[in-house]
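Student: kindly generate the corresponding structure for this input.
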Amino acid sequence: MVYCCTNCGYHAHKWLGRCPVCQEWDSFTEEDINVAKDVRGEGRVSGSWIGSEIQSVNSIEVDVAERFSCGIKEVDRILGGGLIAGSVILFGGEPGVGKSTLLLQMARNLAQKHGKVLYTSGEESPGQIKLRATRLKVNCETLYILSEQAIERIAAAVEEVDPRVLIVDSIQTVTSGKDGGDPGGIRQVRQASAELTRLAKARKMTTFLVGHITKEGTFAGPKTIEHLVDTALYLEGSHDSGMRILRSVKNRFGATDEIAVFQMGPTGMTEITDLSSFFLQKTTAARPGVAIVPTLEGTRPLLIEIQALASSTGGYGVPQRRATGIDYNRILLMLAVIEKRLGIHVRDADVYLNIAGGLGVREWAIDLGVVAAIVSSLRNKAMPMDIVLIGEIGLSGEVRKVKRIHERITEAAKLGYSRAIIPAVNQKAARNAHVQIDLIAVETIEQAMKTLELI
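Tutor: Residues are numbered from 1 along each chain as shown. Have a look, this model is predicted:
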């Protein structure tokens, strides 16, 4: 017997009150290490799809993976160009965000163009799935529906239908053998995922495993699920907004941190290809506290609007700091730089920051835009409407180099912006872009703020 952490999958030979890996309290459960059955439940698994032969790296022949489209261009793009036969994709999201809707749309396209698709659900009856299919106008003879939770019956259905694509909604409802533990438990989820992965690799069958999201925003179940799959996608979005963002957090066949944006409507998800126009709202008058910044989401450049509201507390209470879509700790660092390097007192001011449109940005090339928006709000003075700001800011106030500057300014020029404040070290690379935009190179935030006439 061993003890396994239900949060991260760490194993220990004795019970521990706190996991030494993920620091979760009271997460260890007892587990029988001798339980290991295949998809038929007929005994211990003797091998796997990987094989057991030892080979020299020079003697290994590489098969060029052939991709096929799922019928939705934005999903194909974040997958690296389309689906690959035998790949396993973990598809996560909060309840009600639209996972089943998007997957059913993809299943329709795949069944119409590439052959049989088997959609299994452990949460809904065939009638419930049919109602959604009617709303989405899904009408295809090669799309098969199965409501089942037992891994043995799912495997038997795969043998019978021989689908090119399998969708399992959701992996937390799949039960594996009579000794697999409680339904939805760590042992069940891990064993079911491993068996479905072996089945997918052996049959060269592309497989989607739908995963629930915990309150912390991570995939429910052990981390070993993410290790097993080839790609992990996360669908996010608020219930009061029709916008949905599909984000790639792991991809063995393409780039990570790619996003695709959809609009949820009565007939399903509609892809949005022009992201910059979607997140920007053109106005006729300049506004204090607003800065336009080109950023990167994976390989895609887009323009975002950073909004800041800074006002004095009047000497009452502790100053508030709030940020939506931006790293909170990074905001505190920028406020310290403003106080020290620009001599502008922000210690007695409430500061609220927001990225318009609900997008979350994780890169530091937006630092210059954040600082400019805060100073603009404090001064109650608007910046020019035709200018974008690019640059990471160091603790000494220097404007540091950013990657892929030419793609950022090309996107800005395409949307009609005529000037860009950029790091001086990026000036040569930016001029190689050959776009009609005036480049203003700065080395420090003092130079940038003087250019904007904010100090």
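Student: now do the strands in the stretch 201-350 of the chain.
Tutor: With DSSP state E, counting those that start in this stretch as the criterion, the stretch 201-350 of the chain has strands at 206-212, 231-236, 243-251, 259-265, 268-272, 290-297, 300-312, 321-324, 349-355.
Student: which residues touch the spatially most central residue of the chain?
Tutor: Centroid-nearest residue in the chain: R247, 2.5 Å away (criterion: Cα atoms, centre = their mean). Applying Cβ atoms under 8 Å, 6 or more residues apart in numbering to R247 gives the contacts 78, 233-236, 257-259. Every residue, glycine included, has its C-beta placed from N, CA and C.
Student: out of these, who's nearest K99?
Tutor: Of all the contacts of R247, K99 sits closest to L235, with 5.6 Å by Cβ to Cβ.
Student: which non-adjacent residue is nearest the closest one?
Tutor: G93 (3.6 Å; Cβ to Cβ, 6 or more residues apart in numbering).
Student: do the same with E411
Tutor: P301 (4.1 Å).
Student: got it, and R321?
Tutor: R321's closest residue in space is V351 (Cβ to Cβ, 6+ apart), at 5.5 Å.
Student: that older thread, any idea which of the strands of the stretch 201-350 of the chain is most buried?
Tutor: Mean neighbour count (mean count of other Cβ atoms under 10 Å) peaks for strand 206-212 among these, with a mean of 25.
Student: put the alpha carbons of that one into PDB.
Tutor: In PDB, the C-alpha atoms belonging to strand 206-212 read as follows (Å, rounded to 0.1, in the frame of the first residue of the first chain):
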ATOM      1  CA  THR A 206      -7.500  11.300 -32.000                       C
ATOM      2  CA  THR A 207      -9.000  11.600 -28.500                       C
ATOM      3  CA  PHE A 208     -10.500  14.500 -26.600                       C
ATOM      4  CA  LEU A 209     -10.700  14.100 -22.800                       C
ATOM      5  CA  VAL A 210     -13.000  16.700 -21.200                       C
ATOM      6  CA  GLY A 211     -11.700  17.800 -17.700                       C
ATOM      7  CA  HIS A 212     -13.400  19.800 -15.000                       C
END
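Student: so where is the stretch 101-250 of the chain shaky, pLDDT-wise?
Tutor: Counting by pLDDT under 70, the ranges of the stretch 101-250 of the chain that qualify are 178-183, 214-224, 239-240.
Student: and the residue nearest to M205 when sequence neighbours are not counted, its phi and psi?
Tutor: The spatially closest residue to M205, leaving aside those adjacent along the chain, is L166, at 5.6 Å (Cβ to Cβ, 6+ apart). Phi and psi for L166, reported as degrees, to the nearest 10, are phi -120, psi 130.
Student: also Q55?
Tutor: phi -130, psi 150.
Student: any figure for the gap between it and R252?
Tutor: Applying Cβ to Cβ, to the nearest Å, the value for Q55 to R252 is 20 Å.
Student: neighbour count: these two, which is higher?
Tutor: More neighbours surround R252 than the other of Q55 and R252, with 13 against 9 (other Cβ atoms under 10 Å).
Student: residues contacting the residue lying closest to the more buried one once chain neighbours are set aside?
Tutor: Nearest residue to R252 in three dimensions, chain neighbours excluded: D230, at 4.6 Å (Cβ to Cβ, 6+ apart). Contact partners of D230, counting by Cβ under 8 Å, 6+ apart, are 84, 87-89, 251-253.
Student: got it, and E148?
Tutor: E148 sits in contact with 120-122, 154, 157, where contact means Cβ under 8 Å, 6+ apart.
Student: redo that, cut-off 10 Å
Tutor: 120-122, 154, 156-157, 168, 173-175 (Cβ atoms under 10 Å, 6 or more residues apart in numbering).
Student: farthest pair within those residues?
Tutor: A156 and T173 (17.3 Å).
Student: between those two, who's got more neighbours?
Tutor: Taking other Cβ under 10 Å, A156 and T173 do not tie; T173 has more neighbours (20 against 15).
Student: look up how far L233 lies from the residue found closest to that one once you drop the neighbours it is linked to in the chain.
Tutor: On the basis of Cβ to Cβ, 6+ apart, the spatially nearest residue to T173 that is not a chain neighbour turns out to be G122, at 3.0 Å. Between G122 and L233 the distance is 20 Å, computed by Cβ to Cβ.
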